[in-house]
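>>> need a structure here:
(one chain, ligands or ions: 1)
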Amino acid sequence: MSTPGPNPADGGPAVDGGDLAVGVDIGGTRIKTVLVQQGSVVARDVQPTPEGLAARFGDVVAGGVDRLLAVAAGDGLAGATPSRVGVVVPGLVDERRGVAEWSANLGWRDLDLLGALRGRVPGRVAVGHDVRAGLLGEHLLGAARGVDDVLFVPLGTGVAVALMTAGRVVRGSSWSGELGHVVVDPAGPRCGCGRSGCLEALTGAGAVGRRWREAGREGDARTVAEAVAAGDAVAQRIWNHAIEVLAGTLAPVVASAGTRRVVVGGGMAQAGPVLLDPLRAALRLRGPDDALEVVRAELGDWAGAIGAAHLPGTA
Ligand SMILES: [Zn+2]
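Below you'll find the model as predicted:
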C-alpha cells in the first residue's frame, strides 16, 4: 500500500524497469493508461474523461487501472500486479506537494492528487505534469533517447514546454514550462488566458488556423501545413510567421540550458519536415549551436502515460 509523504517526483532515480508499473495520463477528453515492464509497454487502454472528475478522482483512476489490468490479462498477463502507479495531469501542477493547482480543461483548483490516490491504487503512487512526463517518456523510449539536454515542445492548440538538463527533467514551481503564455507581442491577438499576444495565441494550432480563415480560406492548422507543402503563398506567410515567433521564443531557452535536441510533438508535429526543417533553420540561425537537432516526437499521444509509468520516486 502507499504511504503518506511528500511527492518525491522531483528527484531520485527512475524505476529500473524490472517490475510492472502503470502510467496514467489524464487529458481533457481522454484518459490513457499503459502497463510498462522492463522498459516496454505491454498493455494500453484509453477511456473518455468522465464529467466531474475532480470529485471522484481516486475512483476514476482506480477504475482505469483495473480496466488496464483486465486488458493485460486478456493479453496473457493475468494476475499482473504493478508495484507503482504514476498519474500525470495537465495545467499547473505542484509536483512536490502532489497538488493539481489549476486546469482550465478539467476545471479544478488545488486538487490533492496524492491524497485522492492513496490506498486506491496498487503499489506506490507518484503524480506529475503531463508535458514533463512526456519528455521523460521520449527520453526513455522515444525521440530524446541518448541525449541528456533536451527541450520538449508539444505544439497543439496549447503550447507548453519541458526541459531536461544533464539527464534530469527540470521541475521547478508549477509555472515551469508555461512558455505558451509568455507575451511576445502585446498588440497581438487575445489569448485564452486573458492577455494578448501570448506565444500560444500566435503560434498554436488554433492561432494558425484562425489566421488562415481570416485570410478567407477554410480549414485548420493541418490545412495550412498541407497548403505550405503545395506552395501556397498565403499559407507560407502564415506558417513562416508562426515559426519565426516560435524560434524567437525558444532560442533563448535553448541557449540558456545548453539544449542539444529539440523534440517537437503535438498535433502540429504531424506536418513533419514542413514544420521541422524551417524551425531547425530558424533556431540554428538564432542560437550559438549550429548543430542543434530538431526532431519529431516518436511516442505521439502516449508519451505522457509512458513517462508517468517512469516517474522517479513514488510515495
Ligand atoms: Zn496566454
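
>>> gap between the spatially most central residue of the chain and residue 220?
Centrality entry for the chain: nearest residue to the mean C-alpha point is residue 131, 2.5 Å, by Cα atoms, centre = their mean. Distance from residue 131 to residue 220, counting by Cβ to Cβ, to the nearest Å: 22 Å. The C-beta positions use only the backbone N, C-alpha and C, and glycine is treated the same way.

>>> how is this protein carved up into domains?
Using automatic domain parsing, the domain ranges for the chain come out as 20-139+302-309, 145-297.

>>> any idea how far the residue nearest to the centre of the chain is from the ion?
With distances taken as Cβ to the ion, to the nearest Å, residue 131 is found 16 Å from the ion.

>>> so where does that residue fall, helix or strand?
helix 130-141 (DSSP states H and E).

>>> For that helix, output the C-alpha coordinates as PDB.
Provided in PDB are the C-alpha atoms of helix 130-141 (Å, rounded to 0.1, in the frame of the first residue of the first chain):
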ATOM      1  CA  ASP A 130       1.700  15.700 -18.400                       C
ATOM      2  CA  VAL A 131       4.300  17.600 -20.500                       C
ATOM      3  CA  ARG A 132       7.200  16.900 -18.200                       C
ATOM      4  CA  ALA A 133       6.200  13.200 -18.100                       C
ATOM      5  CA  GLY A 134       6.000  13.300 -21.900                       C
ATOM      6  CA  LEU A 135       9.600  14.500 -22.000                       C
ATOM      7  CA  LEU A 136      10.600  11.700 -19.700                       C
ATOM      8  CA  GLY A 137       8.800   9.200 -21.900                       C
ATOM      9  CA  GLU A 138      10.500  10.500 -25.000                       C
ATOM     10  CA  HIS A 139      13.900  10.300 -23.300                       C
ATOM     11  CA  LEU A 140      13.400   6.700 -22.200                       C
ATOM     12  CA  LEU A 141      11.700   5.200 -25.200                       C
END
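
>>> Show me what the helix or strand just after that helix is packed against.
From helix 130-141 onward toward the C-terminus, using DSSP H and E, the following helix or strand is strand 150-154. Contact partners of strand 150-154 among helices and strands, from 3 or more Cβ pairs under 8 Å, 6 or more residues apart in numbering; DSSP states H and E: helix 130-141, strand 162-165, helix 233-257, strand 261-265.

>>> which residues does the residue nearest to the centre of the chain contact?
Shown in contact with residue 131 (Cβ atoms under 8 Å, 6 or more residues apart in numbering): 90, 152, 154, 160, 161, 162, 177, 304.

>>> Apart from its chain neighbours, what residue comes closest to the third one?
Nearest-residue entry for residue 154: residue 266, 3.8 Å, with adjacent residues in sequence omitted and distances by Cβ to Cβ, 6 or more residues apart in numbering.

>>> Wait, that neighbour touches residue 160, no?
No: judged on Cβ atoms under 8 Å, residue 266 makes no contact with residue 160 at a distance of 9.4 Å.

>>> And residue 89, what's its pLDDT?
Per-residue pLDDT puts residue 89 at 97.

>>> What parts of the stretch 151-300 of the chain come near the ion?
For the stretch 151-300 of the chain, the contact set with the ion under Cβ under 5 Å from the ion comprises 181, 191, 193, 198.

>>> From these, which shows the smallest pLDDT?
Among those, residue 193 carries the weakest pLDDT, at 88.

>>> For the stretch 201-315 of the chain, which residue gets nearest to the ion?
Using Cβ to the ion, the closest approach of the stretch 201-315 of the chain to the ion is made by residue 201 at 6.0 Å.

>>> For that residue, grab phi and psi.
Torsion angles at residue 201 (phi, psi; degrees, to the nearest 10) stand at phi -80, psi -10.

>>> Report the contact partners of it.
Counted by Cβ under 8 Å, 6+ apart, residue 201 has contacts 188, 189, 190, 191, 192, 207.

>>> Which residue, other than its chain neighbours, is closest to it?
Distances taken as Cβ to Cβ, 6+ apart place residue 191 nearest to residue 201, at 3.9 Å, with adjacent residues excluded.

>>> One more: residue 173?
residue 94 (7.4 Å).

>>> That neighbour and the ion, how far apart?
Residue 94 is 20 Å from the ion, by Cβ to the ion.

>>> Any stretches of the protein with poor pLDDT?
Low-confidence segments of the chain (pLDDT under 70): 1-18, 313-315.

>>> Which of the three states applies to the residue in it sticking out farthest from the centre?
Distance from the C-alpha centroid of the chain, by Cα atoms, centre = their mean, peaks at residue 216 (32.4 Å). Using DSSP: H, G, I helix; E, B strand; the rest coil, the structure places residue 216 in coil.
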